[in-house]
Structure formats: structure tokens, C-alpha cells
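Enquirer: here is my input; please provide its structure:
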Amino acid sequence: MKFGAHEVMEVSEILSEKLNMINHMALYEQEAQDEQLRSTIRRQMDAAIAAYDQMVAYTHDYSARQGMQPPYPQPNSSLERVKYGLRNPQPMAPQRTGRFDDNMISIALLTVHKASATFHIQRGLEVTDPSLRTMFLNGAITCYNQAYEIFLLMNQQGTYQVPTIHDHTAKTMLHSFLPMNNQSLMAEEGMSAAQMQGMQGMQGAMQGMQGMQAGAPSQGQRMQGQGAQAGMYASGANGAGAGNQALQTPHMNGHYMNQ
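Expert: As a prediction, the model looks like this:
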């Protein structure tokens, strides 16, 4: 049985974290009042115990890699199930009562699952044994899905509310990124080449104005300013609200731009 020095340390750390998480989940199960929350904790704790036992068994005997435990499944959900927007969220403050209520327990579980998902990936990157790497990856997926399960429960109960951003602002930011072959997307969205050039030209104008503050504009800066002026007429008033966002696509020409 051979293990690298790094993976011995990382496995030791993740097993310690799993042990601590199981102990906390056992405490939360006793303290929780909501039956749905208690059953969720019990289900997640059973998965955590199985993953812990499997990793411990494998570090004692390589034959334990047989029958690798699959990751915790993603909870059944749909976009319509998630409640968006703030609905008079309740204020929170630390307490020194020494007791956990259901909201405290849910927040603690969500936090530990998010942290554990990150730890599994970070630590698993240092592991060389293929079976151990699979266990780390499955552990990350498990925590990823368990965190979402807790979020859905909190969201339905109104204790985890999702703030929203204005639809126009979101689209302006996200639609500034285009695929490498963007001609079909431009056609679908009714965006002409002049409009695209104009949006890129406005970005060049901003760079040119910055250069003018430092000295006389160069010929390239003057050309950028002219392109921006032409682009403003082509693009019209579509930039209201979130401003004019330059379209971005990956480049494979081997050269870096100031952007």
C-alpha cells in the first residue's frame, strides 16, 4: 500500500472534517423541531457516514474500493419551484442562549456543505490514487447537492430569500458575451454588424478619452473616437439603464489586448 505524502495529509484533513460534520449533524438532528428538516438531516448524515466509512476502509485495505459509493443525488426541483425576490426578510443577530432553532441549524448546514464542497475539490487535487480521487470528487458533488437541498427547504420556508437584479441590467451584462461563431446569434437577436462595431467603437472612445487626459491623442485614438461616434448612430438608444456593454468573444490570434 503506497500513499504520497500530500495525499496522506489531505486524506487525514478531510476525514477529520467529515468526522466533525457527522458529530454536528447528530446534534442538529436532536435540536431540530421541524420534521422535514430532521428527516433531511438524517438522510444527509447517513450519506456522510457511508462516505466516511468507505474512505477509512480504503486507507486500511485497498480492496475496499470495490462498490464505490455514488454521490448524493441532486434533489428534484425546477426553476418554478424557486422563489425569487425579497419578502420582508426577518432581521438576524447572534444569540447566547446556547440553543439552536431551526433557522440556525439550516444556516449551519448550508454553510458546512458549501465549505466541504470546496475543501473536497481543493484537497482532492493533491491526491494521486485514482480511487481516492473519485472519493474526493464524489464528496464534492455530494456536498454540492446537499447544500442545494438545504437551500430549497429554506427558500420554501422563506428563510433564504433570493434578491433579484433588474432584467434589463442582467441581460445587458450577460449578453455582452458571444460564442466564437457569433454570426448566427447576431442574426437571431437582430443585431447588425454596424451595431456591433458601434458598441465596440464606444469602448474604444472611452480608452481614447483616457489617453487624451495624459497627452495629445494618437492617430489610433482618433480613429477609435470616430468609430465610436459612428457606432452611436448605428446602435441608437439601446444602452439605457445599464450603459453600453462591449461585446466580448474569445480570440485565438495569439496576441493580448489592453482589455
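Enquirer: all helices of this protein, in order?
Expert: Secondary structure of the chain (DSSP state H): helices located at 5-31, 35-60, 102-124, 130-157, 167-174, 183-188, 193-214, 219-235.
Enquirer: same for the fifth one, what does it pack against?
Expert: Meaning helix 167-174. Under the contact definition 3 or more C-beta pairs under 8 Å, 6 or more residues apart in numbering; DSSP states H and E, helix 167-174 sits against no other helix or strand. To be clear about C-beta, it is placed using only N, CA and C from the backbone, and glycine gets the same treatment.
Enquirer: hey, C-alpha coordinates of it in CSV?
Expert: Taking Å, rounded to 0.1, in the frame of the first residue of the first chain, the C-alpha atoms of helix 167-174 are listed here in CSV:
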residue,chain,number,x,y,z
ASP,A,167,-34.0,42.1,-16.1
HIS,A,168,-32.5,44.7,-18.5
THR,A,169,-29.4,45.1,-16.4
ALA,A,170,-28.9,41.3,-16.2
LYS,A,171,-29.4,40.8,-20.0
THR,A,172,-27.1,43.8,-20.8
MET,A,173,-24.3,42.2,-18.8
LEU,A,174,-24.7,38.6,-19.8
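Enquirer: just put the helices of the chain in a markdown table and tack on distance to Leu79.
Expert: Formatted as a markdown table, the helices of the chain follow (distance: least, C-beta to C-beta, whole Å):
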| stretch | distance to Leu79 |
| --- | --- |
| helix 5-31 | 29 |
| helix 35-60 | 21 |
| helix 102-124 | 20 |
| helix 130-157 | 12 |
| helix 167-174 | 15 |
| helix 183-188 | 22 |
| helix 193-214 | 30 |
| helix 219-235 | 32 |
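Enquirer: dump those helices into TSV; add mean neighbour count, mean pLDDT and distance to Pro250 as well.
Expert: Output for the helices of the chain, formatted as TSV (neighbours: other C-beta atoms under 10 Å; pLDDT from 0 to 100; distance: least, C-beta to C-beta, whole Å):
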stretch	mean neighbour count	mean pLDDT	distance to Pro250
helix 5-31	16	95	34
helix 35-60	17	95	38
helix 102-124	19	96	25
helix 130-157	20	95	27
helix 167-174	12	93	16
helix 183-188	11	59	14
helix 193-214	17	58	15
helix 219-235	16	48	22
